[in-house]
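> Give me the fold of what follows.
(4 chains)
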There are 2 protein chains.
Amino acid sequence: MFAINPTDPAPIWRQIEEGVRRLVALGALKPGAPVPSVRDLAKDLRVNPNTVARAYQRLTEGGVLTVRRGEGTYVADEPSQPKRAERNGALRDAANRYASTAISVGSGLEAAAGELESAFERVVREHRRKP
Amino acid sequence: MFAINPTDPAPIWRQIEEGVRRLVALGALKPGAPVPSVRDLAKDLRVNPNTVARAYQRLTEGGVLTVRRGEGTYVADEPSQPKRAERNGALRDAANRYASTAISVGSGLEAAAGELESAFERVVREHRRKP
DNA sequence: CTTACTGTATTAGGTACCTAATACACAGAG
DNA sequence: CTCTGTGTATTAGGTACCTAATACAGTAAG
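Predicted coordinates:
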């Protein structure tokens, strides 16, 4: 499905949350489709079930997932996207972080932009492989 | 000098380390120039002196700073830059993270690249202001 | 020497996160 | 009903990080 990056300082539950949002945004997870059970995904990612549960709960509160108790968890019929304000804010924050680390290691805008393009291709290709 | 971002999941000492590296890479801190004392920078960033000390220690081990005990800390005469392998690795990692969050909030490559350019301009302009 | 500033080290306490081990309520299959 | 698999909740323990309060060794200036 996706992987956890141990070097990423972000908490694991946030990585899971973002991973699911990414799959939904890419269309790899379509509305109504089931997502792995808490225990299955936890076993797959080699992570504690509680951590996955926390991510699922946040995604449910955020309107991305819907849960049918005792049965399973599914992508919401109309998965909510972040509003423009939040999206721009989050994007700006992430861009600042990326620019900061790029400059700090001695890279320029061109190198950073090129690596970004590669990263996009990599992510998209990775999720075109198993639709 | 620079600011600490509380929303950044990265540890504060790492943000400080990256901030100093950024200033050195931008030329805002030139070789031989003194950096603020541990206590001064801690007071400026409203952070514990131990946290700043940890960052300075890592920067010293990394060859970016040199310390004259009892006198102060200075930018190394020839500040070491990360080797190409490490730089590319770090840049690739950062690009992956940025691309991941961009996609997860529903943004495309164009929007991400545009925001990246803005971020670069912002950072450079911010450090051209007080040379 | 005294004072004031450096970097460094130690100890303690608090918070967030992750793990582990359970337990409970609900839905579906046999 | 029994069994299995859902999501959810609770409790405990460990680690990393940050803070706070000191203390020590070295340098420079009065």
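> Now look at the one helix or strand A:A55 maps to and say if it contacts chain B.
Per DSSP states H and E, A:A55 falls inside helix A:49-61. No. Helix A:49-61 lies out of reach of chain B by Cβ under 8 Å from any Cβ of the partner chain, never closer than 11.1 Å. To be clear about C-beta, it is placed using only N, CA and C from the backbone, and glycine gets the same treatment.
> helices or strands next to that helix in the packing?
The elements that helix A:49-61 packs onto, with contact taken as 3 or more Cβ pairs under 8 Å, 6 or more residues apart in numbering or on different chains; DSSP states H and E, are helix A:12-26, helix A:38-45, strand A:65-68.
> The same query, at a cut-off of 6 Å, please.
Using 3 or more Cβ pairs under 6 Å, 6 or more residues apart in numbering or on different chains; DSSP states H and E, the elements in contact with helix A:49-61 are helix A:12-26, helix A:38-45.
> among the ones you listed, which is the most enclosed?
helix A:12-26 (a mean of 21; mean count of other Cβ atoms under 10 Å in any protein chain shown).
> what is the orientation angle of it with helix A:38-45?
Angle of helix A:12-26 versus helix A:38-45, following axes from the mean of the first three to the mean of the last three Cα atoms, to 10 degrees, is 100 degrees.
> Tell me which residues are up against the helix or strand that helix A:12-26 is followed by.
Per DSSP H and E, the first helix or strand lying C-terminal to helix A:12-26 is strand A:34-35. Here strand A:34-35 makes contact (Cβ atoms under 6 Å, 6 or more residues apart in numbering or on different chains) with A:72-74.
> pLDDT score for A:M1?
pLDDT for A:M1: 89.
> Phi, psi for the most far-flung residue of chain A relative to its centre please.
Centroid-distance maximum for chain A: A:G106 at 28.3 Å, with Cα atoms, centre = their mean. A:G106 adopts backbone torsions of phi 90, psi 20, taken as degrees, to the nearest 10.
> That one contacts B:A25, doesn't it?
Yes. Judged on Cβ atoms under 6 Å, A:G106 makes contact with B:A25 at a distance of 5.2 Å.
> what about stretch A:78-97 and DNA strand D, any contact?
No. Counting by Cβ under 7 Å from any atom of the strand, DNA strand D is not contacted by stretch A:78-97; separation bottoms out at 14.7 Å.
> Show me what counts as buried in that stretch.
A:79, A:81-82, A:87, A:90-91, A:93-97 (16 or more other Cβ atoms under 10 Å in any protein chain shown).
> before we move on, back to that, so which of the contacts of strand A:34-35 wins on neighbours?
Highest neighbour count within the contacts of strand A:34-35, by other Cβ atoms under 10 Å in any protein chain shown: A:T73, with 21 neighbours.
> ok now do A:L91, which residues does it touch?
By Cβ under 6 Å, 6+ apart, the neighbours of A:L91 are B:107, B:115.
> Recalculate using a threshold of 10 Å.
A:82, B:98, B:101-102, B:105-107, B:111-112, B:114-116, B:118-119 (Cβ atoms under 10 Å, 6 or more residues apart in numbering or on different chains).
> Near DNA strand D, which residues of chain A are found?
So far as Cβ under 7 Å from any atom of the strand goes, chain A lies against DNA strand D at A:35, A:37-40, A:49-50, A:53, A:56-57, A:60, A:67, A:69-73.
> Mind checking which of the buried residues of stretch A:78-97 are in helices?
A:87, A:90-91, A:93-97 (DSSP state H).
> Just the closest of those residues to A:T7, please.
Nearest to A:T7 among those: A:R97, at 14.5 Å, using Cβ to Cβ.
> Determine which of the helices and strands packed on helix A:49-61 approaches DNA strand C most closely.
Nearest to DNA strand C among these is helix A:12-26 (3.2 Å), distances taken as Cβ to the nearest atom of the strand.
> In terms of secondary structure, what does that closest one contact?
Helix A:12-26 makes packing contacts with strand A:34-35, helix A:38-45, helix A:49-61, strand A:72-75, helix A:109-128, helix B:84-104 when contacts are defined by 3 or more Cβ pairs under 10 Å, 6 or more residues apart in numbering or on different chains; DSSP states H and E.
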